[in-house]
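Undergrad: quick one: sequence plus predicted model below, questions after.
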Amino acid sequence: MNKVIGTGVNRQDGKAKVTGTATYAAEHQIPGLVHGYLVTASIANGQIKSIDTSAAAKTPGVIAVFTHKNPPKIFKPTNNFINSKIYEARLPLSDNQVHYGGQIIGLVVADTFERARDAAHLVKVEYTSQKPLIGIKQATFKDAPLFFGEELKFEKGNFATGMANATAKIEATYKTVTELHAPMEPHAIIAHWQDGDSLTIYEPTQWVKGTQRTYAELFGLPSERVRIVTPFLGGAFGSKVFPWPHGVLAAAVARQIKRPLRVVLSRRQMTANAGHRSETEQIIRLGATADGQLMAIAHDVKSCTSPVDVFTEPCTNITPVMYVAPNLRLKQELAVINLGTPTFMRAPGENPGLWAIESAMDELAWKLQLDPVELRLKNEAKEHQRRNLPFSAKNFAECLQVGAEKFGWKDRPKQVRSLTRDGKLIGWGMAASTFPGSRGAATVKARLLPDGTAHILTSGNDMGTGAYTVVAATAAEVLGLPVEKVRVELGDSLLPDGGLAGGSQMTASLVPAVMAACQQVLKTSNAKTSQEALTNLQKSGKAAFEATASSAPGDESKKWAFQSWGAHFCEVSVDEEIGRLQVTRWVSVMNIGQVINAKTAASQVRGGVIMGIGQALMEECHFDPSSGYPVIYDLATYHFPAHADIPRIQVTFVGAPDINFNPGGARGVGEIGITGVSAAIANAIYHATGKRIRDLPMTPDKLL
Ligand code: MOS
């Protein structure tokens, strides 16, 4: 029996990516391609009084200029997450209102990119301007709406009574700032119409079939007339699930001018027009007995959305799964400010939520003089406290214990400022990690060919996470072929519906469908092994044995709460004189159910930890308070970690296949790695220095 699942398989797409032969959206070569450049608002709140495009239109090479005065035709989509979804409900160029700095107010099309960009800067705009609301401080908050049909506020027991009876109490406010997804591949689109009624879109999207339906609705077409091509994404992190206004506008303009059109966002435009993670302000209140049993938990969250759509950073979603208390109260509020629309960003809710909860748990552990690992073991929730469902699998205690063992946690001095090395203060910290297990329906086509290779085809895609390799490994396992003999095609709407690469669910959705399709191929060929199947195939004279199969969730989520768990342990060194901090050691232990590919799974955790270190220490999108425009120009002005900032990250998986969840037993691993990272670092900083930092990012000025 060939054993591929669970071993470390090299990336199928690795060579294409490092040799530059992987084709990303903007790189597709289309004859007759023309180039669009966005005109964006330089105020954050007001109206366009006049817009003069005459100089731009006269520039050599300019083909057309679009503004709200001559918007291209677009239909409003249903925008309901099921059929279709655009990130911003307001359609581009729909009126003269400006809701945020950098909002798209026009598009200039020319024969070259440089001429389009040059002409875009010649568009003259006069505004009537009102004072913008930038930032959480001045905003007016209301209860957040339902999040995917679930209330974010919740109460069980009586928090006030529980807190009054507690011996040890913590009350603290934790803040995060506006963060940017900053994928390596910029947002870009090529829209190519054929005969005016068929559209091909080359655009990085995490949801091929949803995006297909959305573009179809935007132009009043049946879905089959729209093709989405997205074989590779250069990172997405939640910012490439649905079309943004630039994509909607590009496709509409391409139809009107009857030319294939490419629009690529500059890094600066991406700061306003392609999503971000909202800043948050969270108050955590914990009440416990003298021996550390939690009696009361309250979690109050504020985040912001844009004037043109609603997105809540759903931090309270995660609170009921973490720690059990008889009295639990959750409050989640939202305000409208003059920024572009925030959206899903790697572990939306869980990430800032755990920053607050896991910092507060550390503060409680110090107050009670308890080991923070012990405090967590004592209070871990055995069921989802809002859904009243048991976890299908947990192994959180094992993550904590194995992590503590690997890190050497038992040698931790129990005083702050008690470890030094080379004249620097050393601190150790830990935090929990968690992310829900989700999956969607997926369909996969499998083909066995007479040359002994197999092809696996689905629209589901790989945003850099390792899906190509996970699919290949699963097919190799079931068909009994070497993994090199499996070729995988992903990311095209002509292929069977593979679902969404988001919410860490692509693996959990695709693996059962790949298994089903490959089993079906063996059945079709009347064989138990690929060898017999091949012999039968060669005898039959057919071109291939082929099967298409689907797998979808049933009603198991009525019986179980599916959740992945983990623990991070880290060491920091702090040079107090200059406020320099270095993360020097990292251990992560995770239970994600069945690990399909040990190599890419560990890479996902490492990527999450690295992104978490960026969030903890560096990342912040600043805004000009008067114009509201982000003061971020490129990847040099948005700081995130480089190699020298990152230690070796030791990743270990524990637990067993979660077969209550799906036949492959895998829960996915795209997002869990980032959760808890910033808290683990803050907790280590406290151990090193005695200083508790509750505002991200923890920059040198806060350490001094
Ligand atoms: Mo993820 S934030 O669902 O891409």
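TA: Yep, that arrived. The structure displayed is predicted, hence computed values, not measured ones.
Undergrad: I'd like to know which helix or strand in the protein has the lowest mean pLDDT.
TA: Ranked by mean pLDDT, DSSP states H and E, the weakest helix or strand in the chain is helix 530-540, scoring a mean of 91.
Undergrad: just the closest residue of the stretch 601-704 of the chain to the ligand, please.
TA: With Cβ to the nearest ligand atom as the measure, E671 is the residue of the stretch 601-704 of the chain nearest to the ligand, at 6.1 Å. In short, each C-beta sits where N, CA and C put it, glycine included.
Undergrad: and that residue, how close does it get to Q29?
TA: 35 Å (Cβ to Cβ, to the nearest Å).
Undergrad: what of D411?
TA: Distance of D411 to Q29, computed by Cβ to Cβ: 59 Å.
Undergrad: tell me the pLDDT at the closest residue to the ligand within the chain?
TA: Relative to the ligand, the nearest point of the chain is G238 (2.7 Å; Cβ to the nearest ligand atom). Model confidence at G238, given as pLDDT, is 98.
Undergrad: quick one: contacts for it?
TA: Contact analysis of G238 by Cβ atoms under 8 Å, 6 or more residues apart in numbering lists H181, Q206, G275, T343, F344, M345, R346, P348, G502.
Undergrad: among those, which are within reach of the ligand?
TA: Counting by Cβ under 6 Å from any ligand atom, Q206, F344, M345, R346, P348, G502 from the contacts of G238 sit close to the ligand.
Undergrad: doesn't the last one fall inside a helix?
TA: No: secondary structure of G502, determined by DSSP: H, G, I helix; E, B strand; the rest coil: coil, with no helix assignment.
Undergrad: just checking, it touches F344?
TA: Yes: between G502 and F344 there is a contact under Cβ atoms under 8 Å: 6.8 Å.
Undergrad: which residues do the two both contact?
TA: Residues touching both G502 and F344 by Cβ under 8 Å, 6+ apart: G238, V241.
Undergrad: could you chop this structure up by domain?
TA: Here the domain parsing of the chain from automatic domain parsing is 14-22+440-552, 32-131+184-235+240-273, 142-179+276-437+559-703.
Undergrad: now the ones you listed in a markdown table, with mean neighbour count?
TA: Putting those into a markdown table (neighbours: other Cβ atoms under 10 Å) gives the following:
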| stretch | mean neighbour count |
| --- | --- |
| domain 14-22+440-552 | 21 |
| domain 32-131+184-235+240-273 | 20 |
| domain 142-179+276-437+559-703 | 21 |
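Undergrad: can you lay out the ones you listed as a markdown table showing distance to G8?
TA: Below are the domains of the chain laid out as a markdown table (distance: least, Cβ to Cβ, whole Å):
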| stretch | distance to G8 |
| --- | --- |
| domain 14-22+440-552 | 10 |
| domain 32-131+184-235+240-273 | 22 |
| domain 142-179+276-437+559-703 | 4 |
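Undergrad: T7 is nearest to which of those domains?
TA: Closest of these to T7 is domain 142-179+276-437+559-703, at 6.1 Å (criterion: Cβ to Cβ).
Undergrad: from the chain's centroid, how far away is the closest one?
TA: Here domain 142-179+276-437+559-703 is found 15 Å from its chain centre; the criterion is Cα atoms, centre = their mean, to the nearest Å.
Undergrad: rewinding a little: packing partners of the least confident helix or strand of the chain?
TA: Contacts defined by 3 or more Cβ pairs under 8 Å, 6 or more residues apart in numbering; DSSP states H and E place helix 530-540 against strand 442-448, helix 506-524, strand 545-551.
Undergrad: can we see that at 6 Å?
TA: If you count contacts as 3 or more Cβ pairs under 6 Å, 6 or more residues apart in numbering; DSSP states H and E, helix 530-540 packs onto no helix or strand.
Undergrad: could you tell me the angle between that helix and helix 506-524?
TA: 50 degrees (axes from the mean of the first three to the mean of the last three Cα atoms, to 10 degrees).
Undergrad: centre of the chain versus helix 530-540, how much separation?
TA: Centroid displacement of helix 530-540 relative to its chain, using Cα atoms, centre = their mean, is 43 Å.
Undergrad: what is the end-to-end distance of stretch 365-376?
TA: Length of stretch 365-376, first residue to last, Cα to Cα, to the nearest Å: 9 Å.
Undergrad: residues in contact with that stretch: which ones?
TA: A168, G292, D362, L400, A404, M430, A432 (Cβ atoms under 6 Å, 6 or more residues apart in numbering).
Undergrad: what's the average pLDDT for that stretch?
TA: Across stretch 365-376, the average pLDDT comes to 98.
Undergrad: just stretch 571-589 next, same as before
TA: Averaging pLDDT along stretch 571-589 yields 97.
Undergrad: stretch 316-335 now?
TA: For stretch 316-335, the per-residue pLDDT averages 98.
Undergrad: go on, stretch 174-182?
TA: The average pLDDT for stretch 174-182 rounds to 97.
Undergrad: how about the residues of this structure near the ligand?
TA: Q206, A236, F237, G238, F344, M345, R346, P348, G502, G503.
Undergrad: residues contacting Q604?
TA: V669, G670, G673.
Undergrad: can you tell me the closest non-neighbouring residue to it?
TA: V669 (4.6 Å; Cβ to Cβ, 6 or more residues apart in numbering).
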